[in-house]
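Asks: below are the sequence and a predicted model for it; my questions follow.
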Amino acid sequence: MNHFIVVDRALDLVELTEIATEEKFGAIASFLGTVRSPNEGAEVLYIDYEGYRGMIEKQMQSVADELRDRYDLGHIVISHRLGRILPGETSIAIVISSRHRVDALAACRECIDRCKDLLPIWKYEVTNRGSDWVPGHSNASQPL
Amino acid sequence: MPITALLFAKYRTVAGQKEFQIEYSDGATVRQVASCLEEKIQDLELTGALCALNESYTSPDTVVADGDTIAFLPPVSGG
């Protein structure tokens, strides 16, 4: 089963892991992406995350479909936080369960890579040296 | 033919607003909608933008239809 969560509050790994937990799945792999500071030599004060909310869950579904084509998976939990996030706080959390460890571990690694390619989300980084939009990826489709 | 165009992140800040209503003739493409916005909005440069039609990624050459929502997305940086 897939679970897609987009929120403006802190992500709780324990809560998300509970969603993915089921007796028949013997492996649970998780990944947390957090705001890093310093970044490129500058102290990060915070990052404002902006997203195209209506489209984010559709792209999470695409990612989950890709993963299920390749791996034998139980629950796929993909959650992203939007709004202002401080250094050390979690911006994305992925939890994937499977019957055996190989599938959950490989799928989790692939999941974060595909999320970074596909989710319509942008970062406005504010540091002690100034602020700007963080350069992104154009792997999702043919750009203009 | 009315369509809705959406701008996000850097493009939104350049334009000063997120949503635009545009009248278009039959057969117009996403690329033509982008050109229209660039002409209308000073300093807006959409080269390199990803395009979305009704919340799914699409090619710049896709023909738009009545009531569509077209979004122009800067390269994405989530995670």
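Replies: Thanks, I have it. Keep in mind it's a predicted model, so treat the numbers as computed, not measured.
Asks: C-alpha from now on. contacts and neighbour counts both.
Replies: OK.
Asks: tell me, how many residues neighbour the residue lying closest to B:D43 once chain neighbours are set aside?
Replies: What sits nearest to B:D43 in space, not counting adjacent residues and going by C-alpha to C-alpha, 6 or more residues apart in numbering or on different chains, is B:V14, at 6.9 Å. Applying other C-alpha atoms under 10 Å in any protein chain shown, we find 16 residues neighbouring B:V14.
Asks: scan chain B for its longest helix.
Replies: For chain B, the helix that runs over the most residues, judged by DSSP state H, is helix B:30-40.
Asks: give me the neighbour count for the nearest residue to A:L86 once chain neighbours are set aside.
Replies: Spatial nearest neighbour of A:L86, excluding adjacent residues (C-alpha to C-alpha, 6+ apart): A:Y46 at 4.6 Å. Neighbours of A:Y46 under the rule other C-alpha under 10 Å: 21.
Asks: for A:Y46, give me its contacts.
Replies: A:V35, A:R84, A:I85, A:L86, A:P87, A:E125, A:V126, A:T127 (C-alpha atoms under 8 Å, 6 or more residues apart in numbering or on different chains).
Asks: name the helix or strand for A:V14, please.
Replies: helix A:13-20 (DSSP states H and E).
Asks: next helix or strand past that helix?
Replies: As assigned by DSSP H and E, the chain's next helix or strand after helix A:13-20 is strand A:27-34.
Asks: what comes up buried for whatever helix or strand comes next after that next one?
Replies: Where DSSP H and E defines the elements, the next helix or strand beyond strand A:27-34 is strand A:44-51. Residues of strand A:44-51 classed as buried: A:V44, A:L45, A:Y46, A:I47, A:Y49, A:E50, A:G51 (neighbour count, 16 or more other C-alpha atoms under 10 Å in any protein chain shown).
Asks: with stretch A:82-95 instead?
Replies: Using 16+ other C-alpha under 10 Å as the test for burial, stretch A:82-95 gives A:L82, A:R84, A:I85, A:L86, A:P87, A:E89, A:T90, A:S91, A:I92, A:A93, A:I94, A:V95.
Asks: give me the number of residues near the nearest residue to A:I92 once chain neighbours are set aside?
Replies: With C-alpha to C-alpha, 6+ apart as the criterion, A:I92 has its nearest non-adjacent residue at 4.4 Å, and that residue is A:H80. A count of nearby residues for A:H80, using other C-alpha under 10 Å, gives 29.
Asks: my guess is A:H80 contacts A:H3. True?
Replies: No - checked against C-alpha atoms under 8 Å, the pair A:H80 and A:H3 is beyond contact range at 11.5 Å.
Asks: does anything pack onto the helix or strand encompassing the residue nearest to B:D43? Which helices or strands?
Replies: Under the criterion of DSSP H and E, B:V14 resides in helix B:9-15. Identification of packing neighbours for helix B:9-15 by 3 or more C-alpha pairs under 8 Å, 6 or more residues apart in numbering or on different chains; DSSP states H and E yields strand B:69-73.
Asks: could you rerun that using 6 Å?
Replies: The helices and strands touching helix B:9-15, judged by 3 or more C-alpha pairs under 6 Å, 6 or more residues apart in numbering or on different chains; DSSP states H and E, number zero.
Asks: contacts for the next helix or strand after that helix next, please.
Replies: Using DSSP H and E, the helix or strand that follows helix B:9-15 towards the C-terminus is strand B:19-23. Strand B:19-23 has contacts (C-alpha atoms under 6 Å, 6 or more residues apart in numbering or on different chains) with B:M1, B:P2, B:I3, B:T4, B:A5, B:L6.
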